[in-house]
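Colleague: next comes the sequence, and after it the predicted model I'd like to discuss.
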Number of protein chains: 2
Amino acid sequence: MMRTRPLKVALLGCGVVGSEVARIMTTHADDLTARIGAPVELAGIAVRRPGRVRAGVPAELITTDATALVKRGDIDVVIEVIGGIEPARTLITTAFEHGASVVSANKALLAEDGAALHAAAEERGADLYYEAAVAGAIPLVRPLRESLAGDTVNRVLGIVNGTTNFILDKMDTSGAGYSEALDEATALGYAEADPTADVEGFDAAAKAAILAGIAFHTRVRLDDVHREGLTEVTAADIASAKRMGCTVKLLAICERAGDGRSVTARVHPAMIPLSHPLASVREAYNAVFVEAEAAGQLMFYGPGAGGAPTASAVLGDLVAACRNRLADTTGPGESAYTRLPVSPMGEVVTRYHISLDVADKPGVLAQVAQVFAEHGVSIDTVRQQGKDGEASLVVVTHRAPDAALSATVETLRQLDTVRGVASIMRVEGE
Amino acid sequence: MMRTRPLKVALLGCGVVGSEVARIMTTHADDLTARIGAPVELAGIAVRRPGRVRAGVPAELITTDATALVKRGDIDVVIEVIGGIEPARTLITTAFEHGASVVSANKALLAEDGAALHAAAEERGADLYYEAAVAGAIPLVRPLRESLAGDTVNRVLGIVNGTTNFILDKMDTSGAGYSEALDEATALGYAEADPTADVEGFDAAAKAAILAGIAFHTRVRLDDVHREGLTEVTAADIASAKRMGCTVKLLAICERAGDGRSVTARVHPAMIPLSHPLASVREAYNAVFVEAEAAGQLMFYGPGAGGAPTASAVLGDLVAACRNRLADTTGPGESAYTRLPVSPMGEVVTRYHISLDVADKPGVLAQVAQVFAEHGVSIDTVRQQGKDGEASLVVVTHRAPDAALSATVETLRQLDTVRGVASIMRVEGE
């Protein structure tokens, strides 16, 4: 079974993840050889800054010419851990053109251009694997694509961004506001200097697009995902959630829509009951619920980021790509046969928690309730608090379409007795 | 990509799981065709009692001659959901001899004879898949074998038997004794008429053998697994666990031993802290922690049994086996290259909770403590309660080898002042 020629691997990027990949490939070479059925060797490592010291990474393999590396022609697998759209996209495409399979951790690229990359891989009889693009070390892409290949997934709901979970966890446990919690996350290395991709939900939305596509066997792009970040979540929102026996999490939610003929994908802060397993996901951990017709409710939990965990996912894919290469075959490619369209956010049906600042006088509740009724949004509970002519009204609705709720809020804003809409938050996981 | 000839599937067994497999293959035929790349059809269903009505199962496919079915020669994949050692083993071997791949849910057979079955599959270029053999619908075999193929698993710790978890959950929430909780489990269909395989830990031990073999790339058989059931767990044990901020679970634990040159596998009741995620696994659910060098701590959670969940796992494997057949390849086979031996229970190192009935007189504690010290077992805490000349002593130890603890208890039993050893329970998950 052993070949004489080792399988050759090109590594694009040698940051936190790449250097871990290189390290493990060296320290665990014998294990990888035994599991693959042939030795596997690092043929080159492309980096932007060659002068930087990388402990345990063979210096003679470092190059700044990534294009030449993927064009060598003798590379079996290219590992892309650069991130971002370009030059990653061009390099991956070039790798396929030169006969290599690709393992990528690039969620942004996969969410934007997954279909074209899958097509390029298929055309050349190559593999495209990307377990590391979603939820770090947690096996999720492979279980969805392969373990649940005989089942019908109806819903994927999870915490897929560690940075925002860390921030919300801090706000929940310490009562801190958003800025204060973000500062702490930055100081501890959980948030990047520019936290936009995380806190505005772009990172989670890319993962939602990838998960929805695989789960529902259709194509979902980043633009199809409704996205709200957590920058507007206040300490008051968290306190309000607590009074309801809930906590606030930034959730990625992919659902088969009611009639089964479309899907939805969204990322937004939401209240979930403390009894829900996702409520107890602390710090920067990730966890994803998958609901399937036959399997029922499954949960996958683990570290969602970090060098070593992401490297674990990359190396699992590397072993698969190498095995396929030895057997002259490929793993499952893109499955988008259902061609289910992605419905807009307005068609999503869920529950809502709305805080209103209202005038403290008789008849206001009746007036507000009337607006909900006119838009077909049924109220579950109302809590009223008043002092000094001012009052607040907290309304929790039954399930209603997002468009109906938006229209309700629009009308409420026009009422003289409604001084302001303090917050609107969806309620999930019930 | 579509072939004209459909892939042919033989189903052995049509009970709770088999009838769900047959049903889903019929209702979701189009999805399976799209995902496999060719139509897949049920060619025959072997049962023992042909007269029994099975809703939704095509009557014309039913046969009592399982041997003739697997010998037909045109069968691509045999699904074995009969269970037990024979005739399952002979039928699976015959299936391989006649060129079929096999999907099995048979934990007992895999734990007893997995190596021989893998060898038979490899010899014929066929697949042997068995995701359904461990933890029902929860993807665990594939993630361990494929997603973590580039990582080093150090520990697998989980609740892999739903019946016993239901019983312990009842005992914990209601204060009921073992027999009472077992009666309720039986009445609700969570326990079989003869609950031996579950309550004596045979079922969990078979799963532990399978998981340990895959996780550590070695061979572990049922006989290698230390096994203790939960029949001796008392309401007093549960109450005692509660006082320690713990609950009692029947755990399957597979570990790389300290020096990395051996492994251990065991099933026994253990106390785990309430803060541990496994503590909140209720009713008949399963959950498994996997600790790997690079990935860190992962958890997989879901329904561990039942017709539909088990069928989901079987069908995922069916899709994989069919895809491989179309590509004229096979998935990863047995990986046992580490040849790590399985150490006996005596070498397992963990913590212990020991309840002693002792004479209520001065010097007893000193005498007991001396025995622990003589055997090198370090004491963490002691709680002493006395009334009417009788007293109880609850000792919680630091980590110590199981053999040292056993020797300690043996010596304690010989002390005049120790009237009896009320219970010994391991403490895990800290």
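Modeller: Structure received. Residues are numbered from 1 along each chain as shown, chains lettered A, B, ... in the order given.

Colleague: could you look up the SS state of the closest residue to residue A:193 other than its chain neighbours?
Modeller: Once flanking residues are discounted, residue A:193 sits nearest to residue A:186: 7.3 Å by C-beta to C-beta, 6 or more residues apart in numbering or on different chains. In short, each C-beta sits where N, CA and C put it, glycine included. Residue A:186 carries the three-state label helix when classified by DSSP: H, G, I helix; E, B strand; the rest coil.

Colleague: what's the answer for residue A:411, then?
Modeller: helix.

Colleague: so it sits against residue A:377, correct?
Modeller: No. Between residue A:411 and residue A:377 there is no contact under C-beta atoms under 8 Å: 10.6 Å.

Colleague: more crowded one of these two?
Modeller: Each of residue A:411 and residue A:377 has its neighbours counted (other C-beta atoms under 10 Å in any protein chain shown); residue A:377 has more, 22 against 16.

Colleague: helix, strand or coil: sort out that one for me.
Modeller: Assignment for residue A:377 (three-state DSSP): coil.

Colleague: likewise for residue A:52?
Modeller: Classified using three-state DSSP, residue A:52 is coil.

Colleague: longest single helix anywhere in chain A?
Modeller: Longest helix of chain A, by residue count under DSSP state H: helix A:307-326.

Colleague: next, the buried residues of the worst-scoring helix or strand of chain A on mean pLDDT.
Modeller: The weakest-scoring helix or strand in chain A, judged by mean pLDDT, DSSP states H and E, is strand A:379-387 (a mean of 88). Of the residues in strand A:379-387, A:379, A:382 count as buried by neighbour count, 16 or more other C-beta atoms under 10 Å in any protein chain shown.

Colleague: stretch A:75-93 now?
Modeller: A:75-83, A:87-89, A:91-93.

Colleague: also within reach of chain B: list those from these.
Modeller: Among the buried residues of stretch A:75-93, no residue sits close to chain B (C-beta under 8 Å from any C-beta of the partner chain).

Colleague: relative to chain B, which of those is nearest.
Modeller: Checking the buried residues of stretch A:75-93 against chain B with C-beta to the nearest C-beta, the nearest one is residue A:79 at 10.9 Å.

Colleague: how far away is the closest one from residue A:93?
Modeller: Residue A:79 sits 15 Å away from residue A:93, going by C-beta to C-beta, to the nearest Å.

Colleague: so the residue nearest to residue A:193 sits against residue A:198, correct?
Modeller: No. Taking contacts as C-beta under 8 Å, residue A:186 lies outside contact range of residue A:198: 10.7 Å.

Colleague: neighbour-wise, which of the two wins?
Modeller: residue A:198 (26 against 15).

Colleague: list the backbone torsions phi and psi for the more buried one.
Modeller: Phi and psi for residue A:198, reported as degrees, to the nearest 10, are phi -80, psi -60.

Colleague: could you list every residue that touches the residue nearest to residue A:193?
Modeller: Going by C-beta atoms under 8 Å, 6 or more residues apart in numbering or on different chains, residue A:186 touches A:192, A:193, A:195.

Colleague: give me the nearest residue to the closest residue to chain B within the stretch 1-150 of chain A, chain neighbours excluded.
Modeller: Closest residue of the stretch 1-150 of chain A to chain B, C-beta to the nearest C-beta: residue A:150 (2.4 Å). Of all residues not flanking residue A:150 in the chain, residue B:315 sits nearest, at 2.4 Å (C-beta to C-beta, 6+ apart).

Colleague: from residue B:309, how far out is the one you found?
Modeller: From residue B:315 to residue B:309 the distance is 11 Å (C-beta to C-beta).

Colleague: which residues do those two both contact?
Modeller: With C-beta under 8 Å, 6+ apart, residue B:315 and residue B:309 have common neighbours residue A:294.

Colleague: thanks a lot, see you next time.
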